[in-house]
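Enquirer: Generate coordinates for the sequence data below:
(one chain, ligands or ions: 2)
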Amino acid sequence: MADMTGPDELLTEVLARYDAGDNERLKFVMQAAIRHLHDFVREVELTREEWMAGIQFLTATGQICSDTRQEFILMSDTLGVSTLVEMLTYSPTEGTTENTVLGPFYAPGSPDRAKGESMLDDEDAGDKVVVRGRITDPDGNPLAGVVLDCWQSNTDGFYQVQEIDGQSDFNLRGIYHTDDNGEYEIRTVRPGKYPIPHDGPVGALLKANNRGWMRPGHLHTWVKHPGYKELITHIFDRKSDHLYDDAVFGVRESLIVDFAEDDQGELSATFDFVLDPA
Ligand code: BEZ
Ligand code: FE
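Expert: Ligands and ions are numbered 1, 2, ... in the order given. You can find the predicted model right below:
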C-alpha cells in the first residue's frame, strides 16, 4: 500500500483500487469521477459540516423520489447536466432540428389526432393557436407518415399527467402524423409557463441560490420515423416569460416561434422539422 501522506497520495491510492476492474468503460468513468470529486473537495476546501450537508441533501433527494417523482433527474436538469448529455448524445447534424430535454411529464398512450384536430379537450380561457409545418429529410424531401407525439401544459401551467387540476384523460396530448406532403397541423392552446416541482430538496437549493424555478411555455414533441434518429424537442412561444432564464436550460433559439394572426384569423406559427438520418 502507498504511503498516504497527503491528498495526492490518497488520490493515487483510491484510483489504483479501480485498476482491477474488467469493464473498461466503468473503470474510465469511475476514475474520472473520483479525480474530479477529489479536485472539487480540495478546491472548495470542503468542511466536515458542508460534507454532511451534502450527504443530507442527497439523502433527501432519494427519499422524495417515488413512482411519479424523480428528484435526481430534476437535480440534473437544474444543474444543466441533462441538457449537456442531450447535446453530446443527440448531437444534431448541421441543418437538422435541435433536440432538448424530455422532462417528467411525458406519458405514452396519447390518442391519435387527425391533421388539424385540436388536442384541447377541456375548457381553457387561453389563446387558441395553430402550429403547422413540414417534416423533411436534410435535403428538403417531405417525409410522410411521421409520428409526432405531442404534450403540453394548459394556460394555468399544468400537465394532464400531473393530475392536479382535474384535466380529462388526454387533454393537451395527441399523436399527429404528417400527410403525403410531409405536412402536419396541430390545434391547441398557447402553452402556459410553469414552475418545475420545487417543494423538495431541489427547490430548496434553487431558493438558497436565489434561482428561479420557472420554465417558459412550450409544446413538447417526440418525433419518430423509420431510418431517422428519434427527435425529442420543444417548440417555444416567443411571447412567453422565462425564455432566457429557463430553470432547466432547455431553450434553443432555433426552437422559438412567433404566433401571428393568419389569413383565416387564427393565431398560428410555422415550425418545420428536419430529421437527422439514423
Ligand atoms: C418539462 O418540460 O416538462 C420539464 C423538464 C424538466 C423538468 C421539469 C419539467
Ligand atoms: Fe414541459
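
Enquirer: got the contact list for the closest residue to ligand 1 within the stretch 101-250 of the chain?
Expert: Nearest residue of the stretch 101-250 of the chain to ligand 1, counting by Cβ to the nearest ligand atom: Gly103, 2.6 Å away. Just so you know, the C-beta spots here come from the backbone N, C-alpha and C atoms, and that holds for glycine as well. Listed by Cβ atoms under 8 Å, 6 or more residues apart in numbering, the contact set of Gly103 reads Asp77, His220, Val248, Gly250.

Enquirer: Test of understanding: give the bridge partners of Phe273.
Expert: With DSSP bridges as the criterion, Phe273 is bridged to Ile135.

Enquirer: which of the contacts of Gly103 come close to ligand 1?
Expert: Asp77, Val248 (Cβ under 6 Å from any ligand atom).

Enquirer: so which of the contacts of Gly103 comes closest to Thr233?
Expert: His220 (7.8 Å; Cβ to Cβ).

Enquirer: What's the local residue count around that closest one?
Expert: When counting by other Cβ atoms under 10 Å, one arrives at 23 neighbours for His220.

Enquirer: I'd guessed it sits against Leu148; true?
Expert: No - applying Cβ atoms under 8 Å, one finds His220 not in contact with Leu148, separated by 10.5 Å.

Enquirer: interface residues of the stretch 101-250 of the chain facing ligand 1?
Expert: Val101, Gly103, Pro104, Phe105, Ile196, Arg215, Val248.

Enquirer: same thing but at 5 Å, please
Expert: Selection of the stretch 101-250 of the chain residues close to ligand 1 by Cβ under 5 Å from any ligand atom yields Gly103, Phe105, Ile196, Val248.

Enquirer: These: which two are farthest apart?
Expert: Longest span within these, Cβ to Cβ: Phe105 and Val248, 12.1 Å.

Enquirer: returning to that earlier point: Three-state assignment for the residue of the stretch 101-250 of the chain closest to ligand 1, please.
Expert: coil (DSSP: H, G, I helix; E, B strand; the rest coil).

Enquirer: Can you tell me the closest non-neighbouring residue to Gly80?
Expert: Phe249 (4.7 Å; Cβ to Cβ, 6 or more residues apart in numbering).

Enquirer: ok, the one you found touching Val81?
Expert: No - counting by Cβ under 8 Å, Phe249 does not reach Val81; the two are 9.3 Å apart.

Enquirer: So between the two, which is more surrounded?
Expert: Phe249 (19 against 13).

Enquirer: any idea how far Asp237 is from the more buried one?
Expert: 18 Å (Cβ to Cβ, to the nearest Å).

Enquirer: Helix or strand for Tyr106, just tell me which one.
Expert: Counting by DSSP states H and E, no helix or strand carries Tyr106.
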